[in-house]
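1. Here's my sequence, what's the structure:
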Amino acid sequence: MQTKKLLYGTLILAAILAVTLVSCKTPTPEVITQIVTEIVKETVIVEGEVVEKEVEKVVEVVVTATPEPQIGGALKSVPRNRTLVLGGWELTGAVGGSDNFNPIMNVGSLRINHAKYVYEALMYTNLNTGEEYPWLAESYEVAEDNTGMTIYLRKGVEWADGQPFTCADVKYTIEATRDTATAAMQHSYMAQWVTSVDCVDDYTVQITLTGPNPRFYQHLVIGWENHFVIVPKHIFEGQDVATFKNIDLGKGLPVGSGAYRVVLVTAQQVVYDRRDDWWGAKIGFAELPAPERIVTTVGASDEAYAQLYMTNQIDGGGFALQVGSFEAAHEKNPLVRSWNPSGPVYGAPDGCVYQMSLNDAKYSDPNVRIAINYAVDRQEVADLAYQGATKPWVVPMASWIWGAWGDVVQPIIDKYNRDAPSQELVDEYMGKAGYAKNGDGIWEKDGQVLDITIIVPTSWAPLGPVLAEQLTRAGFKAEEQLDTAGQWATMLQNGEADAVAFVHCGSLFDPYDTMNVFHSKYNIPLGETDNKGGGIFAYTRYAGDPQMDAALDMMEKTPPDPTDPTYVEWVTTAVDTYLRDMPTIVLAEELHVITFNETYWTGWPMAEDPYISPYPCWNDYSVIPWHLKPTQ
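-> Below you'll find the model as predicted:
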């Protein structure tokens, strides 16, 4: 058992990486226990200035290596300048999901440890432009009545064991996902929508839906957070999908169709070597990617990842850096880059916005929610929480859709002017709700003060102090609670939390993608957690509005079209109702400082070459190795 400052964890990572790159020795199975003393910087606001104080917190992390560390034969020697080192989308001392390479059950194997290089998707999509990159599929057609789709598969695709890829694999993957109640890969969605999957022939897939759904195809052909990949039927059939972990390197598992295979798995790293017999190179679809090896590593903190970038121990990935950490890494290593070449807005859009999700069962009076809204200074949130690296935002839809829908939505935003902080309006709306300030300057009604505790997950820690201070200034009894135990989602789902500061995601193509979570059908009683497939963003417990419900019901089954007056009317109704009632408080657009290192590799996606969205947790990140070029 060891006790170390968090920064020294980077030295451990360096040692692990060095061993991986040169060693052929089989690792010894072990249980690793680390005691990490973490220095947490808490941010407070004093007279408009940000002041940070450091608090030591001891966190015990017990890590058990994947069933046992596995190695797929002797590791060949691959030089550093042909090795791509990627961080997982998490802050942790261990690689999450490395004990289970069944993507139907363990989305983490795709989202965190880059198993997306073993399994492939039907298509990848550049969400910056909407351009689709056909991969396992060549094309698809959506039925005219939106009740199904036909997928045309690419011929010549093979699994790593030489078996042909066919419609049977697609059919099996969709049906196993639909029929396995505990499946993580879109089970609820597939169970709701998929009636049948039929093979017209080996390369033609016919999907029939339970009803009209013009957006169903997005869940199969767009990476983002859908995490849909195809698994080999001949490997999975006969297994209990719910318990099959699909990791036994001695038996050649996992078997994928991708250009890389797993050669080493431990709790701290996963190593993938390029398959020179990859089907794409054999049939002339694409050349082999330049990286001969991919290593997934980890960082336990923002500072740890910054240190890895400073010392060239990582090339890309990892959780997005805070602005200060990125700038420190760039100053030390000028070849460290982000999406934009200069700041303070370094980051790229991701279809998400920051929000303070309110528990509308507690704050059921819209007047109270509107007052809370006017207590929030969004520009101050952007400046103090994220050092100006983002921009204020007021509606739950991100900038990707603004080109098509901005002319529809902006006039409604202007009508309500919800993005202008005002103590006068706070006072007005709290008065309408029957509140008055007591002798302590706190809003009170019938002898009860209005209190609000903001639960703040560590990934969004900068939001908490700023929001708590702003609400306190406006007369609310407010405090933040940093959630280091990872309980925020449970508290949000069961209604225990007053408010949670995190994100609201889904704005890929039209306002429906995010507005739909405010349908009254997702308003469940406190204590219950099943919101009928609404997802994590649909736990506001907003009572809803009949006209908004009707508009969302029509939008659901109609292809979005900003030139269709009827569809525009539905969008207008939904957005107007949202701004009228303020069921949640959107704060700013989420623009993560995704980081790349050009010391060993160039060709990363950036604003000047936006060939794919740069988020390592998405399947679309899989295309990056084909664009990378070695510098040496």
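2. what residues does the longest helix along the chain touch?
-> Of all segments of type helix in the chain, defined using DSSP state H, the longest is helix 565-581. When contacts are defined by Cβ atoms under 8 Å, 6 or more residues apart in numbering, helix 565-581 is touched by residues 366, 369, 394-396, 405, 408-409, 412-413, 415-416, 418, 510-512, 515, 518, 542, 545, 547-548, 550-552, 554-555, 558, 560-562. C-beta coordinates here come from the backbone N, C-alpha and C atoms, glycine included.
3. What residues of it count as buried?
-> 567-568, 570-581 (16 or more other Cβ atoms under 10 Å).
4. Just give the nearest non-adjacent residue to residue 404, would you?
-> Distances taken as Cβ to Cβ, 6 or more residues apart in numbering put residue 562 closest to residue 404, at 4.9 Å, once the chain neighbours are dropped.
5. could you dump the buried residues of helix 565-581 to a markdown table with pLDDT and distance to residue 147?
-> Below are those laid out as a markdown table (pLDDT from 0 to 100; distance: Cβ to Cβ, whole Å):
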| residue | pLDDT | distance to residue 147 |
| --- | --- | --- |
| 567 | 97 | 19 |
| 568 | 98 | 24 |
| 570 | 98 | 20 |
| 571 | 98 | 23 |
| 572 | 98 | 27 |
| 573 | 98 | 25 |
| 574 | 98 | 24 |
| 575 | 98 | 28 |
| 576 | 98 | 30 |
| 577 | 98 | 29 |
| 578 | 98 | 29 |
| 579 | 98 | 34 |
| 580 | 98 | 34 |
| 581 | 98 | 33 |
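6. So what's the gap between the longest helix of the chain and the chain middle?
-> Taking Cα atoms, centre = their mean, to the nearest Å, one finds the center of helix 565-581 at 27 Å from the center of the full chain.
7. Ok, stretch 524-536 next?
-> With Cα atoms, centre = their mean, you get 20 Å for stretch 524-536.
8. Now that stretch: average pLDDT?
-> Stretch 524-536 carries an average pLDDT of 91.
9. Quickly list the domain ranges of this protein.
-> 2-114+249-343+593-630, 123-236, 348-591 (automatic domain parsing).
10. Compute the first-to-last residue distance for the shortest one.
-> Across its full length, domain 123-236 reaches 22 Å between end residues, using Cα to Cα, to the nearest Å.
11. Now do the helix or strand just after the longest helix of the chain against helix 565-581, angle only.
-> Using DSSP states H and E, the helix or strand that follows helix 565-581 in sequence is strand 585-592. Going by axes from the mean of the first three to the mean of the last three Cα atoms, to 10 degrees, strand 585-592 is angled at 110 degrees with respect to helix 565-581.
12. Might you calculate how far strand 585-592 sits from the centre of the chain?
-> 14 Å.
13. Numbering from 46 from now on, please.
-> With the count now opening at 46, the last piece we talked about shows up as strand 630-637.
14. What helices and strands are in contact with it?
-> Contact partners of strand 630-637 among helices and strands, from 3 or more Cβ pairs under 8 Å, 6 or more residues apart in numbering; DSSP states H and E: strand 393-403, helix 411-420.
15. Where among these is average confidence lowest?
-> Among these, strand 393-403 carries the lowest mean pLDDT (a mean of 94).
16. what's the angle between that one and strand 630-637?
-> 150 degrees.
17. Check which residues of strand 393-403 are buried.
-> So for strand 393-403, counting by 16+ other Cβ under 10 Å, buried means 393, 394, 395, 396, 397, 398, 399, 400, 401, 402, 403.
18. Likewise for stretch 124-137?
-> Buried-residue list, stretch 124-137, by 16+ other Cβ under 10 Å: 125, 127, 128, 129, 130, 131, 132, 133, 134, 135, 136, 137.
19. For the nearest residue to residue 315 once chain neighbours are set aside, what are phi and psi?
-> Sequence neighbours aside, residue 341 is the residue nearest to residue 315 in space, at 4.5 Å (criterion: Cβ to Cβ, 6+ apart). Per-residue torsions, residue 341: phi -90, psi 130 (degrees, to the nearest 10).
20. Give the full set of residues in contact with residue 341.
-> Contacts of residue 341 (Cβ under 8 Å, 6+ apart): 131, 132, 133, 140, 158, 159, 314, 315, 316, 317, 362.
21. what residues does the helix or strand hosting residue 524 touch?
-> Secondary structure from DSSP H and E places residue 524 in strand 522-528. Strand 522-528 has contacts (Cβ under 8 Å, 6+ apart) with 85, 87, 487-488, 494-503, 506, 509-510, 512-513, 516-517, 546.
22. any residues touching stretch 472-488, and which ones?
-> Against stretch 472-488 from outside (Cβ under 8 Å, 6+ apart): 410, 412-413, 415-416, 419, 489-490, 494-495, 520-522.
23. same thing but at 10 Å, please
-> Contact with stretch 472-488 is made by 408, 410-420, 467, 471, 489-496, 517-523, 627, as judged by Cβ atoms under 10 Å, 6 or more residues apart in numbering.
24. okay, which residue of the protein is out on the far edge from center?
-> Computed with Cα atoms, centre = their mean, the residue of the chain farthest from its C-alpha average is residue 484, at 44.7 Å.
25. Kindly reformat the buried residues of helix 610-626 as a markdown table containing distance to residue 431.
-> Listed next are the buried residues of helix 610-626 as a markdown table, based on distance: Cβ to Cβ, whole Å:
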| residue | distance to residue 431 |
| --- | --- |
| 612 | 34 |
| 613 | 33 |
| 615 | 33 |
| 616 | 29 |
| 617 | 31 |
| 618 | 33 |
| 619 | 28 |
| 620 | 25 |
| 621 | 29 |
| 622 | 29 |
| 623 | 24 |
| 624 | 24 |
| 625 | 28 |
| 626 | 27 |
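26. among the contacts of helix 610-626, which are in helices?
-> Going by DSSP H, the helices hold 411, 414, 450, 453-454, 457-458, 460-461, 557, 560, 592-593, 595-597, 599-600 from the contacts of helix 610-626.
27. And the buried ones among the residues you listed, selectable in ChimeraX?
-> In ChimeraX syntax, the buried subset of the ones in helices among the contacts of helix 610-626 is picked out as below (16+ other Cβ under 10 Å):
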select :411,414,450,453,454,457,458,461,557,560,593,596,597,600
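28. how about the strand holding residue 524: buried residues?
-> Going by neighbour count (16+ other Cβ under 10 Å), the buried part of strand 522-528 is 523, 525, 526, 527, 528.
29. of all those residues, which comes closest to residue 202?
-> residue 528 (43.6 Å; Cβ to Cβ).
30. Next, work out how far apart that closest one and residue 270 are.
-> Distance, residue 528 to residue 270, by Cβ to Cβ, to the nearest Å: 21 Å.
31. cool, and residue 521?
-> 33 Å.
32. Looking at these two, which one has more neighbours?
-> residue 521 (23 against 18; other Cβ atoms under 10 Å).
33. dump the residue contacts of the more buried one.
-> 413, 416-417, 420, 471, 475, 480, 487-488, 494-497, 513, 515 are the contacts of residue 521 under Cβ under 10 Å, 6+ apart.
34. Most neighbours out of the residues you listed, which is it?
-> Counting by other Cβ under 10 Å, top hit in the contacts of residue 521: residue 416 with 30 neighbours.
35. my read: that residue touches residue 520, true?
-> Yes: taking contacts as Cβ atoms under 10 Å, residue 416 lies within contact range of residue 520: 9.0 Å.
36. what's the overlap in contacts for these two?
-> 468, 471, 472, 475, 480, 488, 495.
37. Done for today, thanks.
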